[in-house]
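>>> need the 3D shape of this:
(chains A and B)
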Protein chains: 2
Amino acid sequence: MRKIEVCLTPELIHQYDLEGKIAVAVDIFRATSCMVSGIANGVADIYPVATVDECFELGKEGMIMAGERGGIKVDGFDIGNSPFDYMSDEVKGKSVVVSTTNGTRTILASLNADEVLIGAFLNIGVLAEYLKNAQKDVVIHCAGWKGTVNLEDTLFAGALINLLIDQMEISGDSALIAHQLYLANQDKLLEIARQSAHAQRLSGFGVAKDIEFCMTSNQYETIPVYVDGKLKSLN
Amino acid sequence: MRKIEVCLTPELIHQYDLEGKIAVAVDIFRATSCMVSGIANGVADIYPVATVDECFELGKEGMIMAGERGGIKVDGFDIGNSPFDYMSDEVKGKSVVVSTTNGTRTILASLNADEVLIGAFLNIGVLAEYLKNAQKDVVIHCAGWKGTVNLEDTLFAGALINLLIDQMEISGDSALIAHQLYLANQDKLLEIARQSAHAQRLSGFGVAKDIEFCMTSNQYETIPVYVDGKLKSLN
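Presented below is the predicted three-dimensional model:
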């Protein structure tokens, strides 16, 4: 049986052998939720980069500059880190370059995998269907918060595992913990996610609408995939 | 309200500020379960050391040499890493020097804390009582397995939090996840612990009896504390 693992934070990704596997990068609040929303709503492609400077560099070439540091839009950027920023006419058909505190780091730390896919509750159903038919092991790579483990990404990992439990075998205790966390909270995902440290940080920025949207399953049928330095739609 | 945090593996301990706090070092399978059993059964004191060489060094001075690498007793050591090894007449009244794959590393990585206590299901009740009356924040430091997060230590962290939930505030998502894991499994601790990667590794060594014993709550009223390089009874 194929295996599914969970890496709870990029600080532990060196413990995982990604070679030959599919990595699913996850940053529910809010980078990967933004990426799924953007690609689903007509953004041409998204370039995840590590630094603010790289954003400004590619911004000069005409790309939309997006992202945050510490949860707040970077001064001089075109858009921030809300999925709703990625749905406007301003970004339709455009290339976006993005740097965030946790999510972009996670994608860039996943590149040893055979395929790097972008996961969020927004596209969890179509992602699970794709993974069911793929012939590879899977590592769900949670972004966490500044290297620490977070609740919402772990919850997503558990939810994705639960959709794949008939096709794949849980491998390692992090995956077991994530699955248990999901099973215990599947009827109150939004409620438990609101207790997370990140949701409480974000609530200070007035983004309650973002939290609720990011916790909504199956809004989109798009799976962004990282190829040649950028994210585009796999399907 | 005082805070209680959880560090899921020593690889993440640099994210925690231990100063002024109480660290509870936990390695359920089996280092801290051994230490609690040993001190409760009359071992004089226990010296946790990082390397096998240090064990042999202190062994020459007459200490009982204890520990494992990869779950198996080190060649030439007097005893291994089973709590039952720590109950024999051979070790009563003696000093033990111990090195294990995960547990001793965790204790030695906790020394920035004001107090370093040894936790296990075996002494969870008396430990919770002590922490209720202590006037400090608490960090539960899980040993995990070779740097990875494990189920049984996380489960213990959640169980200890649950005993302190009226006196202390959960701080950080790792603590929230640990508590949720415990709440979802409190009626079947042994069953879920048997699914852990570590239990499955150990079952190959025929130590099912150890697993069951290590998952038993409140066998002992002893709290080992680390002072001047060694563990002795706090109470």
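
>>> just the helices in chain A please.
A:31-40, A:52-60, A:103-108, A:124-133, A:151-164, A:173-185, A:189-194, A:197-203, A:208-214 (DSSP state H).

>>> tell me the residues of chain A that contact chain B?
A:8-9, A:11-12, A:15, A:145, A:147-151, A:154, A:172-174, A:176-177, A:180-181, A:183-185, A:192, A:195-198 (C-beta under 8 Å from any C-beta of the partner chain). Yep, even glycine has a C-beta here, placed from its N, CA and C like the rest.

>>> now for the closest residue to residue A:213 other than its chain neighbours, how many residues are close by?
For residue A:213, ignoring the flanking residues on the chain, the nearest one in space by C-beta to C-beta, 6 or more residues apart in numbering or on different chains is residue A:83 at 5.7 Å. Using other C-beta atoms under 10 Å in any protein chain shown, residue A:83 is surrounded by 26 other residues.

>>> ok, now residue A:135?
With other C-beta under 10 Å as criterion, residue A:135 counts 6.

>>> need the nearest residue in space to it, chain neighbours excluded.
residue A:2 (7.6 Å).

>>> enumerate the beta-bridge partners assigned to that neighbour.
Per DSSP bridges, residues listed as beta-bridge partners of residue A:2: residue A:168.

>>> closest point of chain A to chain B, which residue?
residue A:184 (3.5 Å; C-beta to the nearest C-beta).

>>> could I get the contacting residues of that residue?
Contacts for residue A:184 (C-beta atoms under 8 Å, 6 or more residues apart in numbering or on different chains) come out as B:180, B:181, B:183, B:184.

>>> try 6 Å this time
B:180, B:184 (C-beta atoms under 6 Å, 6 or more residues apart in numbering or on different chains).

>>> could you report the pLDDT at it?
The model reports residue A:184 with a pLDDT of 96.

>>> swap in the one 10 residues further on?
pLDDT for residue A:194: 91.

>>> where's the residue nearest to it when sequence neighbours are not counted relative to residue A:204, distance?
Distance criterion C-beta to C-beta, 6+ apart; nearest residue to residue A:194, sequence neighbours excluded, is residue A:211 at 6.7 Å. Plainly put, residue A:211 is 12 Å away from residue A:204 if you go by C-beta to C-beta, to the nearest Å.

>>> tell me which of the two has more neighbours.
The neighbour count for residue A:211 versus residue A:204, taken as other C-beta under 10 Å, is higher for residue A:211 (22 against 8).

>>> quick one: the more buried one and residue A:201 touch, right?
No. Checked against C-beta atoms under 6 Å, the pair residue A:211 and residue A:201 is beyond contact range at 10.7 Å.

>>> coming back round to it: would you single out the least confident of the helices of chain A?
helix A:197-203 - the lowest mean pLDDT of the helices of chain A, at a mean of 82.

>>> only C-alpha atoms, please: export that helix in PDB.
Provided in PDB are the C-alpha atoms of helix A:197-203 (Å, rounded to 0.1, in the frame of the first residue of the first chain):
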ATOM      1  CA  ALA A 197      -2.700  30.800  17.700                       C
ATOM      2  CA  HIS A 198      -2.600  32.000  14.100                       C
ATOM      3  CA  ALA A 199      -6.300  32.700  13.900                       C
ATOM      4  CA  GLN A 200      -6.100  34.700  17.100                       C
ATOM      5  CA  ARG A 201      -3.100  36.700  15.700                       C
ATOM      6  CA  LEU A 202      -5.000  37.300  12.500                       C
ATOM      7  CA  SER A 203      -8.200  38.300  14.200                       C
END
